[in-house]
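In: 3D model of this:
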Amino acid sequence: MSAEVLPTHTPALLAAAIDRAATLLRAGQVVGVPTETVYGLAANAFDPEAVAKIYALKGRPAHNPIIVHVASAEMARACAADWPDLADTLGAAFWPGPLTLVVNKSGRIPDLVTSGGPTVGIRWPQHPFMQGVIRACGFPLAAPSANLANRLSPTNAGHVLSQLGAQLPLVVDGGDCNVGIESTVVDVTGATPVILRPGMITEPAIRAVAAAAAVQATGPRTSPAPKVLRSPGLLPRHYSPQARLVVWKWRDEAELARRVAELQVTPEQVCILVHTQIPLSGRYPQVMLIPDDAEAFARALYAELHRCDEMGARLIVVEELPDAPEWVGIADRLRRASAAE
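Out: Numbering: from 1, shown residues only. Below you'll find the predicted structure:
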């Protein structure tokens, strides 16, 4: 069997997709859904049996928590034991949108959602389908990315179908994701906001809104992840294509050729993703140019990495990114995607 696929590109189709998805979600099923960040696997966040299906479908480690998606500030507060002023401040600035707030969880959130931890990540997504289906259900949705554990996140319905289509009753096609990488995750349980996972809402933006003298960031992890994670996206290796991925800077094409040759792959087995240093010799048949703009780069990145895998690449070379706040979230994804097993 393969999943039913429902489009959403007219008001009538969107309403029909919301109705069908809500029916399945109320029955304890898991549905492939679009968000503005990446596509997700959604289930009733209050139903531990439904959430367990997500873990089984993904092969997700039990210690990796799942973000809960809501469609109102009131629904967010119902998921929390307490709601800090800092959560109100950041939510007012960035919700609906690609920001997840980590708060102390309420008793209504099953331990399975939080991997047994005392906190829960909550996000109010911007995508109209997600807002509509959560309101239709009347309960929040647990929804990690709709891919097998540690693999590339999907940014269109085709990516979901290729990995999980045979195991889902429904995939809703909401078009290409317009953010393209996972949400920024901020822990607001203390006096100072702590960025657990960077994203396209940047540290300077959070600092400005929170009126904080400093915002703590976890930074790159070189040691194993802790046993109880407060956020998804903290595993040392994550977001990985099937091909080996490296992030390089090179002076000229000759240096690039030497480094590729050292890895014992032929030019035909290499995909190169660049934003400024474009190989022009014709030596590499698969060169993909992504705009030198962080938002455009994030929007295109996962789709291009999926395309590299579909072409059977053995090596993906990504040109080193600029060192600027708006690129930190993208650099985090590439660092984890290129980490050793």
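In: just checking, Phe297 touches His275?
Out: Yes: assessed by C-beta atoms under 8 Å, Phe297 is found in contact with His275 at 6.6 Å. C-beta here means a position set from N, CA and C on the backbone, and glycine is covered the same way.
In: Quick one: distance of stretch 6-19 to the chain centre.
Out: The gap between where stretch 6-19 is centred and where its chain is centred comes out at 24 Å by C-alpha atoms, centre = their mean, to the nearest Å.
In: which other residues reach that stretch?
Out: Applying C-beta atoms under 8 Å, 6 or more residues apart in numbering, the contact partners of stretch 6-19 are 20-21, 34, 128-129, 132-133, 136, 170-175.
In: What is the nearest of those residues to Val270?
Out: Gly175 (30.2 Å; C-beta to C-beta).
In: How about the contacts made by the closest one?
Out: For Gly175, the contact set (C-beta under 8 Å, 6+ apart) comprises Thr8, His9, Pro34, Asn156.
In: one more time with 7 Å, if that's ok
Out: Gly175 sits next to Pro34 when contact means C-beta atoms under 7 Å, 6 or more residues apart in numbering.
In: Now do the strands in the stretch 51-200 of the chain.
Out: Taking DSSP state E, counting those that start in this stretch as the criterion, the stretch 51-200 of the chain carries its strands at 68-69, 99-104, 119-123, 141-142, 170-173, 184-187, 194-197.
In: same for the fifth one, what does it pack against?
Out: The elements that strand 170-173 packs onto, with contact taken as 3 or more C-beta pairs under 7 Å, 6 or more residues apart in numbering; DSSP states H and E, are strand 4-7, helix 11-26, strand 31-33, helix 157-164.
In: Distance from the chain centre to that strand, please.
Out: Relative to its chain's centre, strand 170-173 lies at 17 Å (C-alpha atoms, centre = their mean).
In: Likewise for the third one?
Out: When C-alpha coordinates are averaged (C-alpha atoms, centre = their mean), strand 119-123 and its chain have centres 14 Å apart.
In: Could I get the full set of helices for the stretch 1-150 of the chain?
Out: Taking DSSP state H, counting those that start in this stretch as the criterion, the stretch 1-150 of the chain carries its helices at 11-26, 48-58, 73-78, 85-94, 128-137.
In: Buried residues, the fourth one. List them.
Out: Across helix 85-94, burial judged by 16 or more other C-beta atoms under 10 Å covers Leu86, Ala87, Thr89, Leu90, Gly91, Phe94.
In: Contacts for that helix next, please.
Out: Outside of helix 85-94, the residues within contact range by C-beta under 7 Å, 6+ apart are Ala73, Leu99, Leu101, Val103, Val186, Val188, Pro193, Ile201, Ile206, Val209, Ala210.
In: Brilliant, that's me finished.
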